[in-house]
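# What follows is a predicted protein model with its sequence.
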Amino acid sequence: MNGNAGWDVKDLSMLRCRTFRCAVFVFVLLAAAELTASAQETIEIDAQAAAKPFPHFWEQMFGSGRAILSLRESYREDLRAVKQVSDFRYVRFHAILHDEVGVYNEDEHGNPVYNFAYVDQIYDGLLKNDVRPFVEISFMPKKLAFNPDALHPFWYKQNVSPPKSMELWDDLMRHFAQHLIDRYGIDEVAQWYFEVWNEPNIDFWNGIPRDRSYFDLYAHTARDLKSVNSRLRVGGPATAAAHWVPEFLKYAAENHVPVDFVTTHGYADDTAEDLFGTKEEVPMDERVCKAVNKVRNEIRASSQRDLPLFWTEWSVQGMNKSRDTTFVGPALANTIRQCDGQVEMMSFWTFSDVFEEGGPISKPFIGMFGLRAEGGINKPSYYAYGLLHQLGTERLPAKSNNVLVTHKQNGELAIAAWNLVDPGQTGETKTIDLVFHHMPADARVSIQRVDDDHGNVLKAYKAMGSPLAPTPVQVEQMNRATALPAPEETQLHEGRLKLMLMPNSLVLIKTQP
């Protein structure tokens, strides 16, 4: 008999049933044994196994809505809060050239007039908080647009037209770059990245044909920036759904256009047909990193095989308002596990629900992308980033799709474990049995969790009556109620640690050195 699983299958097979009732009893026991076994996993961890570098590529850059939002104190409060729980170094947003930023105008003779006052306030605010811009050069100032009426349907109605004059565009780009260098110095601006446009393969760009007109815009922009200072880093094509990378690199090579890095986008709920051009069945939890691997291989197959890859937009699947729930933590951890070693930085979309693509947000928890909800409320994803930030910088092997085992510089092991259940699916509590080798059999360990009972603000919000516009006092109460407690302290028992993980739990285990 198996004490952990009840009847062992071998024992059941020895039963001799002479009645229908007995046959049903055996079937039920078999099903129960199989179900219990499926909810358990034993994972071997060798503390002295060969490790490989594990840079924190998932938390160094975040996306956000558009440039002008960064002037709001709510935006900056969210930025500071997320920086406290992550290695937040770069932020990427749209529309630095939108008319609301006031960069471009023309005098009565049609000559350009530049005004970088709001640009300065935007970038000053980031740098003051120790975050650098990943500069997305977009969208078109209306007076510079070939079609001033080419407005995108987003609430802030950005212009997606090509320029009416490439010479005027060149002049704007050179003045923009020179102004940044004059204000911040080349040693600072050389640490930024300049990405040309946003998703030109879809309705964010209406040049004809889309690909060739974008490639021309990119070539002009890259040469303009490099003409001001060759240390400026520029890249693209910033496409949706991992498109155009081979064509872009081929064009750049054939026309001697500078490319310092490759960028593109892909979301878990993009279709497989959009991402891969096939009708294959790819689970949403695997689509982002499958697309990352595809693009990495496309870069390797090009004449510039060593270019860095920045995935400048991605997020977990968002049905059933899942981005407000504990689902994000395990989905994020699972993406990190799969994408490790294939990408230099991934920019989670977004760090904040200060976000207006569809207009002002009417209430918290409507399934928006951010780690913090409207009003500065910490979502489970905020706490999940805090746990994963504590992982080490070297990764150890583990034969499991549900853990990341890392080594910290102080000699600790830091292990993330999770029980991922997709939105709309019914999951069950899972037992994981961690078996440690080359460690003291009674080593001390600490445990932190994000799950339905830890770091989950939705319960506190519901208990408060789900107010449409929580007051600052209510926000503080929710954040205080969901703040993660001090780690649970325990120890290994004969070199093992057994944990129960409820659906969409994310657990961080740290061993003492």
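All right, it came through fine. It should be emphasised that the depicted structure is a prediction, and the values quoted were computed from it without experimental measurement.

# Count the neighbours of Gly367 for me.
Other residues within reach of Gly367, judged by other Cβ atoms under 10 Å, total 13. To be clear about C-beta, it is placed using only N, CA and C from the backbone, and glycine gets the same treatment.

# List the contacts of it.
With contact set as Cβ atoms under 8 Å, 6 or more residues apart in numbering, Gly367 has these partners: Gly318, Asn320, Lys321, Ser322, Arg323, Asp324.

# so where's the stretch 401-513 of the chain shaky on pLDDT?
Per-residue confidence of the stretch 401-513 of the chain (counting by pLDDT under 70) places the weak regions at 513.

# which residues in it form strands?
For the stretch 401-513 of the chain, the strands identified by DSSP state E, counting those that start in this stretch occupy 403-407, 413-418, 430-437, 444-450, 488-491, 496-501, 506-511, in order along the chain.

# can you check the stretch 1-150 of the chain too?
Counting by DSSP E, counting those that start in this stretch, the segments of the stretch 1-150 of the chain that form strands are 40-46, 52-53, 61-66, 90-94, 104-106, 112-114, 132-137.

# tell me the centre residue of this structure?
Per Cα atoms, centre = their mean, the C-alpha nearest to the average position across the chain is that of Phe348, at 2.3 Å.

# How about that one, nearest residue that isn't a chain neighbour?
Across the structure, with Cβ to Cβ, 6 or more residues apart in numbering as the measure, the residue nearest Phe348 apart from its sequence neighbours is Phe62 (5.5 Å).

# Give me the neighbour count for the one you found.
29.

# Could you measure from the nearest residue to Arg66 once chain neighbours are set aside over to Leu168?
If you skip the residues right next to it in sequence, Arg66 has Ala95 as its closest partner in space, 4.1 Å away by Cβ to Cβ, 6+ apart. Here the criterion is Cβ to Cβ, to the nearest Å. By it, Ala95 lies 19 Å from Leu168.

# Tell me which of these two has more neighbours.
Each of Ala95 and Leu168 had its neighbours counted (other Cβ under 10 Å), and the higher figure belongs to Ala95 (22 against 18).

# ok, the more buried one touching Phe139?
Yes - under the criterion of Cβ atoms under 8 Å, Ala95 lies in contact with Phe139, with a separation of 5.5 Å.

# so what sits against both of these two?
Common contacts of Ala95 and Phe139 (Cβ under 8 Å, 6+ apart): Gln158.

# secondary structure element for Phe369?
In this assignment (DSSP states H and E), Phe369 forms part of neither any helix nor any strand.

# Could I get the pLDDT score of it?
Confidence at Phe369, expressed as pLDDT, is 96.

# ok, it - contacts?
Remark: with contacts taken as Cβ under 8 Å, 6+ apart, Phe369 is in contact with Ser315, Gly318, Arg323, Trp349, Thr350, Asp353, Phe355.

# again, only using 7 Å
Shown here is Phe369, whose contacts under the criterion Cβ atoms under 7 Å, 6 or more residues apart in numbering are Ser315, Arg323, Trp349, Thr350, Phe355.

# Look at the residue nearest to Phe348 and report its pLDDT.
On the pLDDT scale, Phe62 gets 98.

# Kindly tell me how buried the residue lying closest to Val131 once chain neighbours are set aside is, as a neighbour count.
Leaving aside its sequence neighbours, Val131 sits nearest to Val91 (Cβ to Cβ, 6+ apart; 5.4 Å). As a burial measure, the neighbour count of Val91 was computed by other Cβ under 10 Å and equals 24.

# who's Val91 bridged to?
The bridge-partner assignment for Val91, based on DSSP bridges, gives Phe62, Pro133.

# Same check on Val262?
Applying DSSP bridges, one finds that Val262 bridges with Gly236, Leu309.

# List the contacts of it.
With contact set as Cβ under 7 Å, 6+ apart, Val262 has these partners: Gly235, Val245, Ile299, Leu307, Leu309.

# And Leu309, by the same measure?
With Cβ under 7 Å, 6+ apart, Leu309 has these contacts: Val262, Val295, Arg296, Ile299, Val343, Glu344.

# how would you label the residue nearest to the centre of the chain: helix, strand or coil?
Recorded secondary structure, Phe348: strand (DSSP: H, G, I helix; E, B strand; the rest coil).

# From here on, call the first residue 156.
Okay, using 156 as the starting number, the last item reads as Phe503.

# Help me confirm that the residue nearest to Val286 comes into contact with Gln215.
No - under the criterion of Cβ atoms under 7 Å, Val246 is not in contact with Gln215, lying 10.4 Å apart.

# Of the strands of the stretch 556-668 of the chain, which is nearest Phe271?
Phe271 lies closest, by Cβ to Cβ, to one member of the strands of the stretch 556-668 of the chain: strand 599-605, at 41.7 Å.

# What helices and strands are in contact with that closest one?
Where contact means 3 or more Cβ pairs under 7 Å, 6 or more residues apart in numbering; DSSP states H and E, strand 599-605 is packed against helix 535-544, strand 643-646, strand 661-666.

# For these, give me CSV that also has distance to Asp597.
Supplementary listing: these in CSV, determined by distance: least, Cβ to Cβ, whole Å:
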stretch, distance to Asp597
helix 535-544, 25
strand 643-646, 5
strand 661-666, 11
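
# want to try CSV for those, with mean neighbour count and distance to Ala396 as columns?
Below are those laid out as CSV (neighbours: other Cβ atoms under 10 Å; distance: least, Cβ to Cβ, whole Å):
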stretch, mean neighbour count, distance to Ala396
helix 535-544, 25, 23
strand 643-646, 12, 42
strand 661-666, 25, 28
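
# so which of these gets nearest Ala423?
Using Cβ to Cβ, these put helix 535-544 closest to Ala423, at 13.6 Å.

# tell me which residues in the helix or strand just after the closest one are buried?
Once helix 535-544 ends, the next helix or strand along the chain (criterion: DSSP H and E) is strand 549-551. Neighbour counts using 16 or more other Cβ atoms under 10 Å place Arg550, Leu551 of strand 549-551 among the buried residues.

# State the distance from Lys585 to Lys617.
In this structure, Lys585 and Lys617 are 25 Å apart, going by Cβ to Cβ.

# quick revisit: give me the pLDDT for the residue nearest to the centre of the chain.
Per-residue confidence for Phe503 comes out at a pLDDT of 98.

# For it, list each beta-bridge partner.
On the basis of DSSP bridges, Phe503 takes part in beta bridges with Phe217, Trp469.

# wait, doesn't it sit right on Ser470?
Yes - in this structure, Phe503 is within contact of Ser470 by Cβ under 7 Å, at 6.4 Å.

# Turn the strands of the stretch 156-305 of the chain into a markdown table, including distance to Pro438.
As requested, the strands of the stretch 156-305 of the chain are exported to a markdown table (distance: least, Cβ to Cβ, whole Å):
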| stretch | distance to Pro438 |
| --- | --- |
| strand 195-201 | 19 |
| strand 207-208 | 26 |
| strand 216-221 | 24 |
| strand 245-249 | 27 |
| strand 259-261 | 45 |
| strand 267-269 | 49 |
| strand 287-292 | 29 |
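
# any idea which of these is most buried?
Sort the strands of the stretch 156-305 of the chain by mean neighbour count, taking mean count of other Cβ atoms under 10 Å, and strand 216-221 sits at the top with a mean of 25.

# Does anything pack onto that strand? Which helices or strands?
In terms of contact count using 3+ Cβ pairs under 7 Å, 6+ apart, strand 216-221 is assigned the packing partners strand 245-249, strand 500-504.

# Distance to Arg651 for those strands - can I get that in JSON lines?
JSON lines is the format used below for the helices and strands packed on strand 216-221 (distance: least, Cβ to Cβ, whole Å):
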{"stretch": "strand 245-249", "distance to Arg651": "41"}
{"stretch": "strand 500-504", "distance to Arg651": "34"}
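
# Can you pull out the low-pLDDT segments for the stretch 156-305 of the chain?
Along the stretch 156-305 of the chain, segments meeting pLDDT under 70 span 156-193.

# need the helices for it, in chain order.
For the stretch 156-305 of the chain, the helices defined by DSSP state H, counting those that start in this stretch occupy 164-169, 175-193, 228-240, 272-283.

# how about the strands of the stretch 156-305 of the chain, which one is nearest Arg442?
The stretch from the strands of the stretch 156-305 of the chain with the least distance to Arg442 (Cβ to Cβ) is strand 216-221; that distance is 17.9 Å.
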